[in-house]
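> starting from these lines, generate the structure:
(chains A and B)
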There are 2 protein chains.
Amino acid sequence: MSIEKAVAYAEENRDRFLHELKELIAIPSVSSSSEHKQDVQRCAQYVRDAMKVVGFERVEMVETERHPIVYGEWLGAPGCPTVLLYGHYDVQPVDPLELWETPPFEASERDGRLYGRGTVDDKGQFYLHLKAMESWMKTAGKLPLNIKCIIEGEEEVGSESLEPFLKENQDMLAADVAVISDTSMVKKGWPSITYGLRGIAYFQIDLRGSEQDLHSGIFGGAVKNPIHALTDIIGQLKDKDGHVTIPGFYDNVVEVTEEERAAMAELPFDEEVFRQEVGAPELTWEKGYSALESLWCRPALDVNGIWGGFTGEGSKTVIPAEAHAKVSVRLVPNQEPDVIGNLFEKYINEISPPEVEITVQRMHGGRPFLGDLSHPVFGAASRALEKGFGTKAVFIREGGSIPFVRDMTDTLDLPCLLIGFGLPGENAHAPNEWIDLENYALGTLSAIHLYQELSEM
Amino acid sequence: MSIEKAVAYAEENRDRFLHELKELIAIPSVSSSSEHKQDVQRCAQYVRDAMKVVGFERVEMVETERHPIVYGEWLGAPGCPTVLLYGHYDVQPVDPLELWETPPFEASERDGRLYGRGTVDDKGQFYLHLKAMESWMKTAGKLPLNIKCIIEGEEEVGSESLEPFLKENQDMLAADVAVISDTSMVKKGWPSITYGLRGIAYFQIDLRGSEQDLHSGIFGGAVKNPIHALTDIIGQLKDKDGHVTIPGFYDNVVEVTEEERAAMAELPFDEEVFRQEVGAPELTWEKGYSALESLWCRPALDVNGIWGGFTGEGSKTVIPAEAHAKVSVRLVPNQEPDVIGNLFEKYINEISPPEVEITVQRMHGGRPFLGDLSHPVFGAASRALEKGFGTKAVFIREGGSIPFVRDMTDTLDLPCLLIGFGLPGENAHAPNEWIDLENYALGTLSAIHLYQELSEM
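Here you go, the predicted structure:
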């Protein structure tokens, strides 16, 4: 069987695959920084060249308003399914640099991990797919199915060029399944398929109580303090059981199923370990749900920032003219950011007291994602991970949001497999980012199996 | 009658008294600024020399840890009452300098006002007393009573040297009444005696929910957000009617009397004008009281500052580790800052949820003041103002706090007359500070009458 040769090739070339990843890490493709614009361009060229090494028939650098999208395809398996692989070659900034134990762009191995900016988010994770494809091509001379690859350079700055690219190239990008490796496993040794993500709706609330700051001695007692108005408003967003009190907020929420609850209860999630990691005296979550259900399957409302009045050292006796808060809501299927935005804005305006002027700004939104587990791609992915890791895969959800997943699945109308090889604590957006070396190798093997399994759907 | 000569002298020398005040304004005695230390010293010398011009028997510059206290006395009226005059020669900083229409230390006349830093707070107000004394001394060769003067240089930085000076010199400073001109009239043409001041207790609340900032996608829904804990706590400090809900908070509050209510209702205070000055859509105050009663005679709790999480431009999906607020309470007789501090701290700790760590810091406190209007000094002051201004004086309270008033009256056990010649909108701590020129002149005449009236008590 040709897959055995592909697997053997990947195992034989394990060191080289790692060496190449280190080269990729060495290019500081920080997409948010204008001083790294040339590095981002150079990284795109590196990815383009790596696709050529795989043996893609067509490889292109698509210029955008900011950073190029690298597109490649191999369509030599007519009649077979087509996979659309998504990844991103840009990385987060490295600040604070002084907290890195080794330089962020000199990938270094320690304790079974490869440290460096982009190792897990997302260079290591998309590159292992290219190496899996290479393993097929160099041994079988072909892939078991058709592949289209989009590796973009703007994921860390909002993927603004991606949606227009998808919309303008729907025919070119037509596929049977999207594959994204940009998430994490629930725990080391637990290969995971993420089938749910929360969405987001982000707001800023601005209150004004007076023309200018007032002396709290002279005016205190006859003027509404906008900080009090703001804290009252925030206090009316949730009840004592943690339920959001915005009318209509839960109307479209898809309830977690009994099957999901049972599966989640089997996962290696320990509330006490979680509490210790957080460093909180106690945890709290929505009544009627477990902590994990609350994190993954239930909406959550959080004030992300609040400010007003005097915040320096010492004391100042002021009633501020203004008070502000940033509030975000994590959405679950089928909550739509625009609908929730309307409900939020209406409710806030209703409960705001008459003594202040209020403005609600809508900052950004992203739709939640929920895969249909009955679709055959999930079975194929599960079998591939079990073969790659030698242990049964689990299905998980995540509390975070990846807005482009819905952009992709909605625009191209296809199912999506989120198969991540990161691990908790990987510092994706923090100093000392790392990828587990074993996961990088087993991920490569799993990807080899994934193409095979998907070809047999 | 010798008072007529003193009054005539003051009227004849009106221009010179104003010219001398301009000289005093020209010395930038900003007590908070180390670069002005020599100016503060020079200003103290100017005040010392001005006391010598009056004809005081004893004049001293008392060195302290920071800025000198200028002390002077004339005790040539044995058997007559003794007045202790308090004032301060130091001034507030001038920032933002660009908002001054004329240089802050070049006093300039416009529209019947003298503009400049310190014109009303407090150089103009204590200097008119020295000029009133001079008017007596240069015409009658004596004062109608004994005078002791304390003009300090640290009022704008907390009067830290004052209390030890008072305690160490109780015998020297023994007097029958303290006179302070460092407040305002309720309105132009309404000479006012302030018989009540609110006190203050100032706190900082610090909450910690986790070891470090958390990603709101990954952790939102199972972790107590300290901003929510803080807004919940703040929401529990007052009820819907504006009453403070801290148990025991009102226990020692002296209720406003029917006489006071009737007198306040006669004062030129218009709620709609006040609202327009504040620039608020609506006002609000404690149920069962008028706006003015709330401002002057009722305690008020205000959050003076709040901060936590992301407060920059745009959005960041963070659950902050910490949240903070500065909270102050304006106290009325007989609320004691220490007692209220204990109640506040106990209540905050009780209502703080178990998922966060809380710390309450006590920042500073000041006791409220309430004069006994039946004491003869108030009748004397009222008669003096009526003679000086040619119109009946009113008794008022103020919402702000002047902690050293209680330091002085408690340490030296004497009644206190707060007779201010400032006016609302005088910009005491802001750019374009001014004193009304007519008030400076009529205040001088009133002070001449005040010594006479107090000598006849």
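> can you map out the helices along the stretch 101-250 of chain A?
Using DSSP state H, counting those that start in this stretch, the helices found in the stretch 101-250 of chain A span residues A:124-140, A:162-168, A:170-173, A:216-219, A:226-235.
> and stretch A:66-80, what's buried?
For stretch A:66-80, a neighbour-count test (16 or more other Cβ atoms under 10 Å in any protein chain shown) marks A:66-74, A:76-77, A:80 as buried. Just so you know, the C-beta spots here come from the backbone N, C-alpha and C atoms, and that holds for glycine as well.
> does A:Glu398 have any beta-bridge partners, and if so which?
A:Leu197 (DSSP bridges).
> that one and A:Gly199 touch, don't they?
No - no contact is recorded between A:Glu398 and A:Gly199 when judged using Cβ atoms under 8 Å, the distance being 11.5 Å.
> between the two, which has more neighbouring residues?
A:Gly199 (26 against 22; other Cβ atoms under 10 Å in any protein chain shown).
> care to break chain A down by domain?
If you go by automatic domain parsing, the domain ranges for chain A are A:2-197+A:369-455, A:199-253+A:299-366.
> present these as CSV; the columns should include mean pLDDT and distance to B:His364.
Rendered in CSV, the data for the domains of chain A read as follows (pLDDT from 0 to 100; distance: least, Cβ to Cβ, whole Å):
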stretch, mean pLDDT, distance to B:His364
domain A:2-197+A:369-455, 96, 35
domain A:199-253+A:299-366, 96, 6
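> adding distance to B:Ile435, write those domains out as JSON lines.
Formatted as JSON lines, the domains of chain A follow (distance: least, Cβ to Cβ, whole Å):
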{"stretch": "domain A:2-197+A:369-455", "distance to B:Ile435": "52"}
{"stretch": "domain A:199-253+A:299-366", "distance to B:Ile435": "18"}
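> circling back to that earlier point, quick one: which of the buried residues of stretch A:66-80 is nearest B:Leu97?
Using Cβ to Cβ, A:Arg66 is the member of the buried residues of stretch A:66-80 that sits closest to B:Leu97, with 43.1 Å.
> in three-state terms, label the closest one for me.
When the structure is reduced to helix, strand and coil (DSSP: H, G, I helix; E, B strand; the rest coil), A:Arg66 reads as coil.
> just A:Val59 next, same as before
Under three-state DSSP, A:Val59 falls in the strand class.
> how about the contacts made by it?
Under the criterion of Cβ atoms under 8 Å, 6 or more residues apart in numbering or on different chains, the contact partners of A:Val59 comprise A:48, A:51-52, A:70-72.
> at 7 Å what do you get?
Taking Cβ atoms under 7 Å, 6 or more residues apart in numbering or on different chains as the definition of contact, the neighbours of A:Val59 are A:48, A:51-52, A:72.
> now A:Val303: phi and psi?
In this entry, A:Val303 is assigned phi and psi values of phi -80, psi 120 (degrees, to the nearest 10).
> what's across from it in the sheet?
For A:Val303, the beta-bridge partners are A:Val327 (DSSP bridges).
> and it, what is it in contact with?
Listed by Cβ under 7 Å, 6+ apart, the contact set of A:Val303 reads A:234, A:325-327, B:225, B:227-228, B:309.
> list only buried entries from the contacts of A:Val59.
Of the members of those, the ones counted as buried by neighbours, 16+ other Cβ under 10 Å, are A:48, A:51, A:72.
> how close does the most centrally placed residue in chain A get to chain B?
If you average the C-alpha coordinates of chain A and look for the closest C-alpha using Cα atoms, centre = their mean, you land on A:Ile402, 4.1 Å from that point. Noted for A:Ile402: a distance of 9 Å to chain B, by Cβ to the nearest Cβ, to the nearest Å.
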